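Enquirer: pasting the structure only:
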């Protein structure tokens with residue numbers, strides 16, 4: 001979304017904003033922190049979170065919102081040191097169970 005990228009660049013000095021296909025992107029450097037709200041449908045949250053985790057430098061921290069379902073619990077919770085369940089309906093017009101997780105590289 002080029003409009004959002006422009007807004008972020010204009011309003012958050014000192015923050016590097018990248019625009020591209022996250023799943024294909026090859027970073028020049030790894031990151032110490034990632035905060036994300038990935039797409040949820042068809043297990044995309046799992047794929048996006050694991051991809052973002054691979055972009056962390058040693059000691060880095062990732063915090064993400066994701067579905068709180070059996071696949072997420074199986075694939076993500078073994079790597080998570082913090083899990084906080086969110087109330088149903090946290091996201092407008094949805095009634096899906098969600099959680100916030102933290103992963104450390």
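Expert: Yep, it's here. Only a predicted model underlies this, so the values are computations on that prediction, with no experimental measurement involved.

Enquirer: other residues contacting the host helix or strand of residue 4?
Expert: Using DSSP states H and E, residue 4 sits within helix 2-11. With CB atoms under 8 Å, 6 or more residues apart in numbering as the test, helix 2-11 has contacts from 15, 17, 19. For every residue, glycine as well, the C-beta is placed using N, CA and C.

Enquirer: one more time with 10 Å, if that's ok
Expert: Residues outside helix 2-11 that contact it (CB atoms under 10 Å, 6 or more residues apart in numbering): 1, 15, 16, 17, 18, 19, 20.

Enquirer: would you mind measuring from the fourth one to residue 23?
Expert: Using CB to CB, to the nearest Å, we find residue 17 at a distance of 18 Å from residue 23.

Enquirer: and if you look at the first one?
Expert: Spatial separation of residue 1 from residue 23 under the definition CB to CB is 16 Å.

Enquirer: also the third one?
Expert: According to CB to CB, residue 16 and residue 23 sit 19 Å apart.

Enquirer: still on that earlier bit, residues of the helix or strand just after the helix holding residue 4 that come out buried?
Expert: Next helix or strand after helix 2-11 toward the C-terminus (DSSP H and E): strand 31-36. Neighbour counts over strand 31-36 (16 or more other CB atoms under 10 Å) mark residue 34 as buried.

Enquirer: quick check: angle from the helix or strand following strand 31-36 to strand 31-36?
Expert: Going down the chain from strand 31-36, the next helix or strand is helix 44-53, by DSSP H and E. Going by axes from the mean of the first three to the mean of the last three CA atoms, to 10 degrees, helix 44-53 is angled at 170 degrees with respect to strand 31-36.

Enquirer: quick one: contacts of helix 44-53?
Expert: By CB under 10 Å, 6+ apart, helix 44-53 touches 22-25, 31, 34-40, 60, 62, 64-67, 69, 71-72, 74-76, 79-80, 98, 101, 103-105.

Enquirer: which of these count as buried?
Expert: Buried among those (16+ other CB under 10 Å): 34, 38, 40, 60, 62, 64-67, 69, 72, 75-76, 80, 98, 101, 103, 105.

Enquirer: hey, what's the residue most central in space within the chain bridged with?
Expert: Among the residues of the chain, the one closest to the centroid is residue 36, at 2.9 Å (CA atoms, centre = their mean). Beta-bridge partners of residue 36, counted by DSSP bridges, are residue 64.
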